[in-house]
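# Here you go, sequence then predicted model.
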Amino acid sequence: MASVEATKPHFSWRNFLMCFLISFGVVGFGYPSAMIAPMLAKPSFLEFTGLGDENGIHKGKTSLVGALGGIFQAGAVFGVILSTQITDRYGRKAAMLYCIFWSLVGGIGITAAPNLATILVFRFFSGMGSWGFLTVAPTYTAELSIPAYRGLTAGMCGVMLGLGYATASYFGLAFHYTENTVAQWRAPAGLSLLWPMISLVTLPFIPESPRFLLMRGKVEEAWKTVAKLHSSKDGSDQTYAREEFYQMKMQAQHDQKQDSSWKALFSKAYRKRVIIGCGLSFLGQSTAVLVIQNYAPIFYAALGFNSKQQIIIQSGRDSIAFVGNLVGAFLLDRLGRRLMLLTGLAGCIICVAINAAMVAEYSGTNNDAGLAVGLASLFVYLCFYASCYDAPLLVVLGEIFPNHVRAKGVALSIATVAASDILYLQVAPYAFAAVGWKFFVLFICVSAVGWVWVWFQLPETKGVPLEEMADLFGDKTEVMVHLADVHLDSSMLDLSTKKQDNADTTSPNELEKREPANFHVESVSSIKGH
């Protein structure tokens, strides 16, 4: 039989919508993560909690302020672990429900809290649900996405992360103007319930991951999901759907037999992927993203901005995070993950270096031009980070791990983000007090070394089916079928593949008939009616 061109998929709005709805859960992470900063800028909240007054936070209360962030990170540990266990045992939809539940519990508790102690307790529960979203969504969207458009569809996770940050700033600013001192902080806290509620309402309309269903032997249900996700009015995408499903099915049969324990992640077969996932997560925080965000008010105050104006500027910065992630999502399938991550790191290094130079030269002076350059570098930094690092990171994490350990691999990578946050935020106050601007040199050096490491170690995953990722990491024997080798003939009856024996004894053009195209699934026409 003559060689056959690989079938090309068309963009599916249904597929995009499902991934969009899943990724919307990540707003439920971004919003509660960012809402504390505007609350701490409001005297009404400081007076209610006893942390301060209209003059700011009281001396001796900084440890409690730190606890508001630390307890949220502590909840991440439990959220990441428990959501992963549910993801593997009961499915991606069940894990989303777990995240929704704890996010609602945390949000209700914080909104109705009678004192600071209650707020701290429910910040822990909020962290459990919020960080769970950040673990489940990249896995879920990657498994539903069409390979050619996975950067856009799975990239919605980064977009929604930016939207969460932005809306937290917007609502914080909006309620800054109300004269009702209780509403100034309780209303923004209460609005954190909106995002998990939206996820709860839309969850019944989202299909379970077909890869999870195949790992559980539910072939018929998995096929219905794939067929619907590829559906088009003329049925033209059913050819690609059948070919992709065949690859998914054959790979799942292999992965079902593999060790799926936490220990398996550290075996030789997956060690490189774990290092890349955790390494990219650590590098993202090592660009000084959180430290810059926390210490940006120093520059705002030096330029003469009051507290209200600082919130406005912060809202502008968070808008850049949202728009940057959106632009990045649209570029991922064109430019690729490697180029964008390398560009993002390089841009961050340059901006942090400029910022450090301005701080070293003009901090404590009245040189508005120098301080303005420092402020501008923070905005340009965020443009690079949001569009070229934040956007591709969650996509790559959801792509690189195989079916049987994907949830655990993503969880370990996200746990690295949380651990890095805790490390840098705990060290930063002491480091700035001891060495000042020189602390930025650490971030510059780590990021520079990381850039070289990414250049040599990170393979390009753009357009590669999840079932073929093993090829990129030297595990060619783990790939059961290559999508380019699968062919459904014009009659839609016979499905063929190039012979796969991993010994390279077969001619490249040799095809071997495997099974009928209607392998235990319904016909295309009947599926359209579902």
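Yes, it's here.

# okay, CA-based contacts and neighbour counts for the rest of this
OK.

# Could I get the contacting residues of the residue lying closest to residue 255 once chain neighbours are set aside?
Using C-alpha to C-alpha, 6 or more residues apart in numbering and skipping residues adjacent in sequence, the residue nearest residue 255 is residue 404, 6.0 Å away. By C-alpha atoms under 8 Å, 6 or more residues apart in numbering, the residues touching residue 404 are 215, 255, 256, 258, 259, 260.

# Out of the residues you listed, which end up buried?
Listed as buried from these are 215, 255, 260; burial here means 16 or more other C-alpha atoms under 10 Å.

# I'd like to know how far the second one sits from residue 487.
So the one you mean is residue 255. Residue 255 sits at a distance of 23 Å from residue 487 (criterion: C-alpha to C-alpha, to the nearest Å).

# And for the last one?
The span separating residue 260 from residue 487 equals 31 Å under the rule C-alpha to C-alpha.

# Between the buried ones among the contacts of residue 404, which sits nearest residue 380?
residue 260 (42.2 Å; C-alpha to C-alpha).

# in what helix or strand does residue 329 lie?
Here residue 329, judged by DSSP states H and E, is contained in helix 307-335.

# I'd like the next helix or strand past that helix.
Counting by DSSP H and E, the element after helix 307-335 in chain order, helix or strand, is helix 337-362.

# quick check: angle from that following helix to helix 307-335?
Here helix 337-362 runs at an angle of 150 degrees relative to helix 307-335 (axes from the mean of the first three to the mean of the last three C-alpha atoms, to 10 degrees).

# Which strands and helices lie in contact with helix 337-362?
Helices and strands touching helix 337-362, as assessed by 3 or more C-alpha pairs under 8 Å, 6 or more residues apart in numbering; DSSP states H and E, comprise helix 368-385, helix 391-399, helix 439-457.

# Run through the protein and note the low-pLDDT ranges.
For the chain, applying pLDDT under 70 flags the ranges 1-7, 56, 232-237, 294-304, 488-530.

# centroid residue for it?
Nearest to the mean C-alpha position of the chain, counting by C-alpha atoms, centre = their mean, stands residue 394 at 3.5 Å.

# Just give the closest residue to it, not the sequence neighbours.
Leaving aside its sequence neighbours, residue 394 sits nearest to residue 138 (C-alpha to C-alpha, 6+ apart; 5.9 Å).

# From residue 145, how far off is that neighbour?
If you go by C-alpha to C-alpha, the gap between residue 138 and residue 145 works out to 11 Å.

# Looking at those two, which one has more neighbours?
residue 138 (30 against 25; other C-alpha atoms under 10 Å).

# The more buried one and residue 397 touch, don't they?
Yes: taking contacts as C-alpha atoms under 8 Å, residue 138 lies within contact range of residue 397: 7.1 Å.

# Residues that sit against both of the two, list them.
residue 410.

# ok, of the contacts of residue 404, which one's closest to residue 467?
residue 255 (9.9 Å).

# how does this structure divide up, domain by domain?
Listed by the TED database, the domain ranges of the chain are 12-206, 267-476.

# quick one, which of these is packed in tightest?
The highest mean neighbour count among these, using mean count of other C-alpha atoms under 10 Å, belongs to domain 12-206: a mean of 22.

# All set now, cheers.
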